[in-house]
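[1] With the sequence up front, the predicted model follows.
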Amino acid sequence: MRNHEAAQSTQPIYRVGRIASYFATLFIASAIVTAAPALAGVKGATHGGKSAAANEAKRSQSIHKEVFLERKTPAYWRVTLHNPPFNIFGPETIPQLNEVITAIETDPDVKVVVFDSDVPGFFLTHYDFVPPLAQSTSLQSGTTGLHPLPDMLVRLSRAPVVSITEIRGRATGVGSELALASDMRFASREKAVLSQWEVGAALVPGGGPMARLPRLIGRGRALEVLLGADDVNGELAERYGYVNRSLPDEELNGFVDALATRIATFDKQAIADTKRLVDFSSLPSDAEIGAGWDAFVTSVQRPQAQTKIKRLMELGLQTNADVETRLGDYTATLGH
Amino acid sequence: MRNHEAAQSTQPIYRVGRIASYFATLFIASAIVTAAPALAGVKGATHGGKSAAANEAKRSQSIHKEVFLERKTPAYWRVTLHNPPFNIFGPETIPQLNEVITAIETDPDVKVVVFDSDVPGFFLTHYDFVPPLAQSTSLQSGTTGLHPLPDMLVRLSRAPVVSITEIRGRATGVGSELALASDMRFASREKAVLSQWEVGAALVPGGGPMARLPRLIGRGRALEVLLGADDVNGELAERYGYVNRSLPDEELNGFVDALATRIATFDKQAIADTKRLVDFSSLPSDAEIGAGWDAFVTSVQRPQAQTKIKRLMELGLQTNADVETRLGDYTATLGH
Amino acid sequence: MRNHEAAQSTQPIYRVGRIASYFATLFIASAIVTAAPALAGVKGATHGGKSAAANEAKRSQSIHKEVFLERKTPAYWRVTLHNPPFNIFGPETIPQLNEVITAIETDPDVKVVVFDSDVPGFFLTHYDFVPPLAQSTSLQSGTTGLHPLPDMLVRLSRAPVVSITEIRGRATGVGSELALASDMRFASREKAVLSQWEVGAALVPGGGPMARLPRLIGRGRALEVLLGADDVNGELAERYGYVNRSLPDEELNGFVDALATRIATFDKQAIADTKRLVDFSSLPSDAEIGAGWDAFVTSVQRPQAQTKIKRLMELGLQTNADVETRLGDYTATLGH
């Protein structure tokens, strides 16, 4: 039934069928290959010898809470991302984040929301390659008509609430895309790393950075981030305008908290009206974001991407902290 | 007769009537409350114990010249803003600035114009809240069909002449908007402070920064400036691109003067043709600027703004130099 | 026959006739005036006492190879600009550069191309003022319908290949425009100088900077570069975002080489698809680029430009290294 509905959707991403099965096979095979990853002693890797297959089983149960909402005051919320050891973003994360975005959109009192992470070394990283692709592509479209991942991001950008990402650790792939979709970004000068690593794995990024980065930092630096596909540290991220500012790590939380506390005293209608007028010239259309998502789904099914992702999984993507931490280095080793 | 014309105008800002009367009452009441402000010993405050009511009386006479034009050469003009102690911008400033903008547009010889201030500590600050709103909203539209304030700013942006703001002291509200409407901005590293403080008073800024800031400095930093609504010092203003450069205060005038003198030797037609082609992609439409002005006029009539402005007037807005100098701090004290 | 075709072209730039003859006279006269230039002992000037007229004769033979393509690997190419002593760009350069651009567009294997110069002190400078204008304006339009110079630049921007300029020495006029049309720019902190000097000679720049600079660095800094028309050193170029980064001179080549080598291992389709989506919001239309070229052709025929160019030629433009090296200073001496 779901497949039938999907086939009739106007969203072109729902081409799953045979290819998706291939995916499922590939990813599960990869997961088995990479069981017993070499994580001992690596900071930020806390799940010890637990196998990726076990992780997958746990994920399938959908009992794993990864997105935590704290209402510090009615006007000032914190959303904390918690999916150790690497804060990977998977299909199971989507409804959890969607619930928070919907609350942000509809709550009458919230004026400012800060996104952070409590996983050492990782703000939010890439999409989960273990579940079959169909588990992602068969999800029902959001209210914008987009796939729920880009749907949530564009809704966050347009919400009548100030969104701030506080970036400590890696913001790679979806992590960078969530940061770019939020209104402001502040990073730890020492501990933040941003990247759109996807082209290094023969993928096109899916969560909107082709639309958002050139508008934010100009075409030249956007193309370097996207086509160089390498890690960007906190200092360079500020110099490029990828984040508003990078602050000394010990000052980051205090700075963001003071800014959010300040904004929480302001008038919600004035915030919303001012933001909406900024949106006019600075937000891409949903169609442009949708085109990026479609390009991602197309790219992930191509043999070139399959080969590179498989090789990265063998090297330890999603299991070996060194691969996750130095992802930009590993993508340069995959060959042509 | 004027009211009748206004009611038939296509400009939606001319909704004055009852609300404007309410404004007049509020503002005059505020002015009385804040008589005898505590200005003793504050740098930049030179009017001593003169009451705000007396100031208003003086303004009403319209004899107070605030905008001074000096033709240094036929090609290089300086416009100096002079409305001590705070360089507040009121309805009486509009025809004076309009006269200068018209001269810039029509003079056959002028190639470059520099805007500066001779009021210590203040480049140009916010709109005057003492006169009744109707005194502003009943002004005849400019040639663009916009209210004369945004009308002048968009005309300055499109004039076939290079406009440069030399910012020493506070450029808050209208001051920031004039700077953003000019072609280039150079600031004193030590003495410049830029801000769009309006959201802190439950207002939407009216002179175009929602349109101009994201195009100039990117969405993220624009939203921080507009929704954080805090003071931005010279160093950060350069880092964000809010100004072209911030220079050591003792070098600022020499730098701007050399640049203007240089440009004054160039060919006027080449300047105009080159600028017009830059305009193509970098200027917002008048409609977008008009939407921002309308949002300001709407916001200033809302009770939330009335309450916050009244409280600021009681604290000493427009009379107490400490409030004007640390406006970003005071707006954070106004409560929800 | 070619002239006949040109007269029927929809491109408005083919207005040559009488004016172009005037040009030929002027430029040849200038060349004679400036024979035996004072180049002795000037670094970067290697043609000794060779007269400009002799240079022109040599150019007319079209045997002078100025653009060298090295395929370092099938995926990573280098294009080296070599027209000593000043890397001036003339009508004879156009077919040579066009051949390279066509190869970049059509080769199935190339993924990244780096543009550099082997002429000390000069990356690529301005258009050659010695040949008659008709020699440039009578060239057949490119596939975009634009004059072949802007045609090549817009095709480079849209090619499914990563283009990088490695800037050491002056990138003035066409040099800056080639850099802006490429995807990324890296500069020598000590030895790079960028400029759009044209307005200083009563010209409108022709290769697209009015379209590209404001999108890249914002309206304010773009207007300063274009209307100040002065030299921009490596440090300021990075601060303004005119280049991605400026690196210490001894690190520049290694940095760019590592980046290009990295990108050359990535998947060509992922590069192309990602870049095309960035193009969507960040590239000007061909019509906008065409308008800039037309404005240049119009400007160069005006008496004001003729007078200034003639004076620059007398001072030693194209023959005296001091004029080429400090072009921004010389344009300020030309009078009103």
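    Sure, I can see it. Numbering: from 1, shown residues only, chains lettered A, B, ... in the order given.

[2] From now on I want contacts and neighbour counts done on CA atoms only, so please keep to that.
    Will do.

[3] The residue lying farthest from the centre of chain A: what's its closest spatial neighbour, skipping adjacent residues?
    Distance from the centre of chain A peaks at A:Asp267, with 30.1 Å (Cα atoms, centre = their mean). If you skip the residues right next to it in sequence, A:Asp267 has B:Ala202 as its closest partner in space, 5.1 Å away by Cα to Cα, 6 or more residues apart in numbering or on different chains.

[4] List the contacts of the one you found.
    The contact partners of B:Ala202, by Cα atoms under 8 Å, 6 or more residues apart in numbering or on different chains, come to A:Phe266, A:Asp267, A:Gln269, A:Ala270, A:Ile271, B:Ser299, B:Val300, B:Gln304, B:Ala305, B:Lys308.

[5] Closest one to chain C out of those, please.
    Nearest to chain C among those is A:Ile271, at 24.8 Å by Cα to the nearest Cα.

[6] can stretch A:219-230 be found next to chain B?
    No: Stretch A:219-230 does not reach chain B (Cα under 8 Å from any Cα of the partner chain); its nearest approach is 12.2 Å.

[7] Quick one: end-to-end distance for that stretch.
    16 Å (Cα to Cα, to the nearest Å).

[8] again, but for stretch A:134-145
    18 Å.

[9] buried set for that stretch?
    Residues of stretch A:134-145 classed as buried: A:Ala134, A:Ser136, A:Thr137, A:Ser138, A:Leu139, A:Gln140, A:Ser141, A:Gly145 (neighbour count, 16 or more other Cα atoms under 10 Å in any protein chain shown).

[10] same check, this time on stretch A:246-260
    For stretch A:246-260, the buried set under the neighbour-count rule, 16+ other Cα under 10 Å, comprises A:Ser246, A:Leu247, A:Asp249, A:Leu252, A:Asn253, A:Val256, A:Leu259, A:Ala260.

[11] Now do the strands in the stretch 201-336 of chain A.
    Taking DSSP state E, counting those that start in this stretch as the criterion, the stretch 201-336 of chain A contains strands spanning A:232-233, A:245-247.

[12] need the ones you listed in JSON lines with distance to C:Thr333, can you?
    What follows is those, written out as JSON lines (distance: least, Cα to Cα, whole Å):
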{"stretch": "strand A:232-233", "distance to C:Thr333": "44"}
{"stretch": "strand A:245-247", "distance to C:Thr333": "42"}
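
[13] Adding mean pLDDT and distance to chain B, write the ones you listed out as a markdown table.
    Formatted as a markdown table, the strands of the stretch 201-336 of chain A follow (pLDDT from 0 to 100; distance: least, Cα to the nearest Cα, whole Å):
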| stretch | mean pLDDT | distance to chain B |
| --- | --- | --- |
| strand A:232-233 | 98 | 17 |
| strand A:245-247 | 98 | 9 |
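
[14] Would you mind saying which of these lies nearest chain C?
    strand A:232-233 (13.1 Å).

[15] close to chain C, is that closest one?
    No: figure legend: strand A:232-233 not in contact with chain C (Cα under 8 Å from any Cα); closest approach 13.1 Å.

[16] Partner strands of that strand and their direction?
    In the sheet containing strand A:232-233, its partner strands are strand A:184-195 (antiparallel), by DSSP bridges.

[17] Now do the contacts for the residue nearest to A:Asp231 when sequence neighbours are not counted.
    Leaving aside its chain neighbours, A:Asp231 sits nearest to A:Ser195 (5.0 Å; criterion: Cα to Cα, 6+ apart). Residues counted as contacts of A:Ser195 (Cα under 8 Å, 6+ apart) are A:Arg170, A:Ala171, A:Thr172, A:Gly173, A:Ser176, A:Val225, A:Ala229, A:Asp230, A:Asp231, A:Val232.

[18] if I look at A:Ser195, how far off is chain B?
    17 Å (Cα to the nearest Cα, to the nearest Å).

[19] Is that residue bridged to anything, and to what?
    Residues in beta-bridge contact with A:Ser195 (DSSP bridges): A:Thr172.

[20] picking up where we left off before, and the residue nearest to A:Asp267, what's its pLDDT?
    What the model reports for B:Ala202 is a pLDDT of 98.

[21] Next: A:Val323.
    pLDDT, A:Val323: 97.
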